[in-house]
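Asker: below are the sequence and a predicted model; questions follow.
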Amino acid sequence: MLDNIFKFLFLIGLIVTWILRLSALRRAPRDIIAGAPPTQMESLMIYLNFFGLPVIPIIYLFTPWLDFADYWLPAWAGWIGVIILAAALWLLWRAQKDLGRNWSSALQIREDHTVITNGVFRYIRHPNYAANWLWGIAQALLLWNWIAGLSKPVLFVPIYLQRVRREEQMMLDQFGEEYRSYMSRTGRIIPHFWK
């Protein structure tokens, strides 16, 4: 019974995520001046990541096909998952708000692009990736299934490892020392608490 509550809350989170994403896509300007088109490997990883969220979880939520891989967690783990999911949604929303016109779903530089250093970007350079990591943890705690619960965190690892490096190189190429200085005072996805 309780696992159904967690599944429902996960589904609500999924809907909110897509609303945020579609809203950001609708607001994003089309004035791209530079970009790094995805490599074939990156395109494959993006496609696989789409299976990690939302395809596999939706299959799990609405069919019995993956029930053979269910596991059990104590209720407190599910509630921690709810808190982490809420944090992921907030971070995703906040990052999109702080980026404003600079937001893009791809690796792109826009006209009048600037290095954003306020809001959550004051502490971390990649809050969207941090939100994805939080989402992956929440997914494992909310969907008690070895396949659906772990699909996001497992399939997100390769795209994160490749894409964040390319994104930082693109920003260094565009902004040089300004971005290098920004990198030195922020964490990639975890704030530098000791500075």
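Answerer: Done, it's in. Residues are numbered from 1 along each chain as shown.

Asker: how about the strands in this protein?
Answerer: 32-35, 108-110 (DSSP state E).

Asker: which residue is the nearest non-sequential neighbour of residue 122?
Answerer: residue 186 (7.4 Å; C-beta to C-beta, 6 or more residues apart in numbering). To be clear about C-beta, it is placed using only N, CA and C from the backbone, and glycine gets the same treatment.

Asker: same question, residue 45
Answerer: residue 159 (4.0 Å).

Asker: for that neighbour, give me its contacts.
Answerer: 42, 45-46, 48-49 (C-beta atoms under 8 Å, 6 or more residues apart in numbering).

Asker: among these, which one lies nearest to residue 171?
Answerer: residue 42 (16.7 Å; C-beta to C-beta).

Asker: and the closest one, how far from residue 152?
Answerer: Remark: distance between residue 42 and residue 152 (C-beta to C-beta, to the nearest Å) = 17 Å.

Asker: tell me which of these two has more neighbours.
Answerer: In terms of neighbours (other C-beta atoms under 10 Å), residue 152 is the more surrounded of residue 42 and residue 152; the figures are 25 against 17.

Asker: now do that one against residue 111, distance only.
Answerer: Taking C-beta to C-beta, one finds residue 152 at 34 Å from residue 111.

Asker: quick one on the thing from earlier: burial of the residue nearest to residue 122, as a residue count?
Answerer: Residue 186: 20 neighbours (other C-beta under 10 Å).

Asker: same thing with residue 47?
Answerer: Neighbours of residue 47 using other C-beta under 10 Å come to 11.

Asker: buried residues in the longest helix seen in the chain, which are they?
Answerer: Longest helix of the chain, by residue count under DSSP state H: helix 148-175. Neighbour-count burial for helix 148-175, counted by 16 or more other C-beta atoms under 10 Å, picks out 148-153, 155-156, 159-160, 163, 167-168, 170-171, 175.

Asker: show me where the protein has helices.
Answerer: Under DSSP H, the chain gives helices at 2-27, 40-50, 56-62, 75-99, 127-142, 148-175, 177-185.

Asker: distance of residue 50 from residue 183?
Answerer: 29 Å.

Asker: the two - which one has more neighbours?
Answerer: Neighbour comparison, residue 50 and residue 183: the larger count goes to residue 183, with 15 against 12 (by other C-beta under 10 Å).

Asker: residue closest to the middle of this protein?
Answerer: Centrality entry for the chain: nearest residue to the mean C-alpha point is residue 132, 2.6 Å, by C-alpha atoms, centre = their mean.

Asker: thanks again, I'm all set now.
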